[in-house]
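**Q** sequence plus the predicted model coming up.
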Amino acid sequence: MRDTVQRALVESAAILRGLGVTLRYLFRRPATVQYPEERPRIPPRFKGRHWLTLYEDGDERCVGCELCVIVCPSQAIYVRAAENTPERRVSKGERYAEEFQINMLRCIFCGFCEEACPTGAIVLGHDFELADYSREALIYTKEMLTEPYPGASGRDPRREV
Amino acid sequence: MIGVVLEAALKSAVLLFLLLTATAYAVFFERRLLGKFHHRIGPNRVGPYGLLQPLADGIKLLTKEDFMPRSADRWVYLAAPLLVMVSALFAYAVIPFGPPVELFGRRVNLYIADPGVGVLLVLGASSIGVYGLILGGWSSNSKYALLGSLRSAAQVVSYELAWGLSVLSVVLSGGTLSLLGIVEAQQRGWFVLRQPLAFVVFFLSALAETNRAPFDLPEAEQELIAGYHTEYGGFKFVMFYIAEYVAIITQSALTTLLFFGGWLGPVLPGLVWFVLKVTVFVGVFIWIRATVPRVRYDQLMGLSWKLLIPAALANLAATSLAVV
């Protein structure tokens, strides 16, 4: 009898403390944002849409080594490399990527390609609104992936890697 | 004579409209408040501040397919939600909302009826509602629904006792079974001050009576999908849903009337006080739902039989001695 009452009191105290906690939470600012109108804060190392970055002088960083293709766990990347020629020099290495495709439907945004890249050519940017209406439109080609001017992806074009 | 009938009919119609609107907004209130408790914003897209959300929900539910399981017991299956809703709404026949007001040059009482035994009628109505839950679960011919209704039967039987006993203490203190009389007896002080133990027992049992968290075992979605209304959809489901929220408002109104002086309060008109107090208690229901996880079945039974009923009985005995 006394045990039961004592236990009941202890447990009610715990429940009242719990109610206190939820009451405190009631007055906190919501953690969610009103998405389409209000933009979420994106952390600097967020892994979103890929960019193929350029050097400051406009040369492509990608040397067509295909390490990203090898490391990609979902096999989303396709690279066709070609040789640089004295008349037409695209990258600073021997080869460059003649075609570079990423299937955004397969990509899991793990960032392994960015880590594997020896020249820092492929980076994952901050854009996350990638929806589209067809499968074809979600295979990004080299034209779509290459940043339009050095530094357009938000990465410093003077960086080493 | 015809005037009296007309007045009662008119009041019932207005009350029904207000009550169903209030129910819809209780759901909205709950969703917004739960959102706040969860650090979310809650539904705010339909209309300003999401205020038209209940309307959108209603239209959606009304336009849903009206299906019935093939093996269901047809008539019982159809009657169960009706029984639940009607008995939930019935309590409002005797619940007073405030002091009489002057309207179109005549005195209008803010209640439909004031029988001498108002409290008993409310108790009886809520007991009948349980039959609806049991019949609904039984006639669905589905194991989850049946388990849900069995649980609700056991739960309501257990908690109705504690509930009734705590109400009885208040009735003794007030010296009347009429809800109007009980409120008037609180002119000198709310009964929550004179009957704190009865209040605690009453409110906990009220949570169980309305099948609310943490006593929502009859519709525990993790175990029973939706309990007794698993096989119901469309408008038949809406009736169960309305009944649940009407019951929450009823219990809040009863808490207000029995323990917190009903419409008594300074400055503001009585009706405003009443609505304010009821809203606060609906908020407390939601607050508790946002805090306490569901109890285990043996805890549910133990709480009622080992703690609440003895406490209510002791309280009743003490009150009787004090009154005599």
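**A** Alright, I've got the coordinates.
**Q** which stretch of helix or strand covers residue 16?
**A** With no chain named, the answer covers chain A. Following DSSP states H and E, one finds residue A:16 within helix A:2-26.
**Q** my question was about chain B, not that one.
**A** Counting by DSSP H and E, the element that carries residue B:16 is helix B:2-37.
**Q** which parts of the chain are strands?
**A** You didn't say which chain, so I picked chain A. All strands of chain A, identified by DSSP state E, fall at A:50-52, A:77-83, A:95-103, A:122-124, A:139-140.
**Q** that answer is for a different chain, and I need it for chain B
**A** Going by DSSP E, chain B shows strands at B:101-103, B:106-108.
**Q** can you put the ones you listed in TSV and add mean pLDDT?
**A** Listed next are the strands of chain B as TSV, based on pLDDT from 0 to 100:
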stretch	mean pLDDT
strand B:101-103	72
strand B:106-108	73
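**Q** out of those, which is closest to residue B:183?
**A** In terms of C-beta to C-beta, the element of the strands of chain B nearest to residue B:183 is strand B:101-103, at 15.4 Å. Where you see a C-beta, it was placed from the backbone N, CA and C, and this is true even at glycine.
**Q** buried ones in the closest one, by neighbour count?
**A** Residues of strand B:101-103 classed as buried by neighbour count (16 or more other C-beta atoms under 10 Å in any protein chain shown): none.
**Q** how far out from the middle of the chain is that strand?
**A** Strand B:101-103 has its average C-alpha position 28 Å from the chain's average C-alpha position, going by C-alpha atoms, centre = their mean, to the nearest Å.
**Q** also stretch B:173-187?
**A** On C-alpha atoms, centre = their mean, the centre of stretch B:173-187 falls 20 Å from the chain's centre.
**Q** and it, which residues are buried?
**A** Residues B:173, B:174, B:176, B:177, B:178, B:179, B:180, B:181, B:182, B:183, B:185, B:186 are the ones in stretch B:173-187 that count as buried (16+ other C-beta under 10 Å).
**Q** ok, and the closest non-adjacent residue to the third one?
**A** I take that to be residue B:176. residue B:182 (6.1 Å; C-beta to C-beta, 6 or more residues apart in numbering or on different chains).
**Q** isn't that neighbour right up against residue B:119?
**A** Yes - Residue B:182 sits in contact with residue B:119 when judged by C-beta atoms under 8 Å, with a separation of 7.4 Å.
**Q** near chain B, which residues of chain A?
**A** A:4-5, A:8, A:15, A:18-19, A:21-23, A:25-26, A:28-32, A:34 (C-beta under 8 Å from any C-beta of the partner chain).
**Q** wait, what's in contact with residue B:279?
**A** For residue B:279, the contact set (C-beta atoms under 8 Å, 6 or more residues apart in numbering or on different chains) comprises B:29, B:252.
**Q** follow-up on the earlier one: most tightly packed of the strands of chain A?
**A** Highest mean neighbour count of these: strand A:50-52, a mean of 24 (counted as mean count of other C-beta atoms under 10 Å in any protein chain shown).
**Q** tell me which residue is most central in the chain.
**A** By default, I'm working from chain A. residue A:47 (1.6 Å; C-alpha atoms, centre = their mean).
**Q** my question was about chain B, not that one.
**A** Centre-most residue of chain B, counting by C-alpha atoms, centre = their mean: residue B:247, 2.0 Å.
**Q** tell me how far the nearest residue to residue B:257 once chain neighbours are set aside lies from chain A.
**A** Nearest non-adjacent residue to residue B:257, counting by C-beta to C-beta, 6+ apart: residue B:179, 5.3 Å away. Distance from residue B:179 to chain A, counting by C-beta to the nearest C-beta, to the nearest Å: 29 Å.
**Q** residue B:179 and residue B:92 touch, don't they?
**A** No - contact criterion C-beta under 8 Å: residue B:179 and residue B:92 do not qualify, at 11.2 Å.
**Q** neighbours of the nearest residue in space to residue B:125 that is not next to it in sequence, how many?
**A** Leaving aside its sequence neighbours, residue B:125 sits nearest to residue B:90 (C-beta to C-beta, 6+ apart; 4.3 Å). The number of residues packed near residue B:90 is 18, by other C-beta atoms under 10 Å in any protein chain shown.
**Q** show me what contacts residue B:90?
**A** B:121, B:125, B:128.
**Q** and the closest residue to the first one other than its chain neighbours, what's its pLDDT?
**A** Counting by C-beta to C-beta, 6+ apart, residue B:121 lies nearest to residue B:94, which is 5.1 Å off, once chain neighbours are set aside. Residue-level confidence at residue B:94 comes out at 83, pLDDT.
**Q** show me the residues around residue B:94 that make contact.
**A** Neighbouring residues of residue B:94 by C-beta under 8 Å, 6+ apart: B:111, B:112, B:113, B:114, B:115, B:118, B:121, B:122, B:179.
**Q** try it again with 6 Å
**A** Residue B:94 makes contact with B:113, B:118, B:121, according to C-beta atoms under 6 Å, 6 or more residues apart in numbering or on different chains.
**Q** cool, residue B:167 as well?
**A** By C-beta under 6 Å, 6+ apart, the neighbours of residue B:167 are residue B:119.
**Q** and for residue B:46?
**A** B:52, B:53, B:56.
**Q** gap between the second one and chain A?
**A** Yep, that's residue B:53 we're talking about. On the measure of C-beta to the nearest C-beta, residue B:53 and chain A end up 15 Å apart.
**Q** can you check the first one too?
**A** For residue B:52, the distance to chain A under the criterion C-beta to the nearest C-beta works out to 17 Å.
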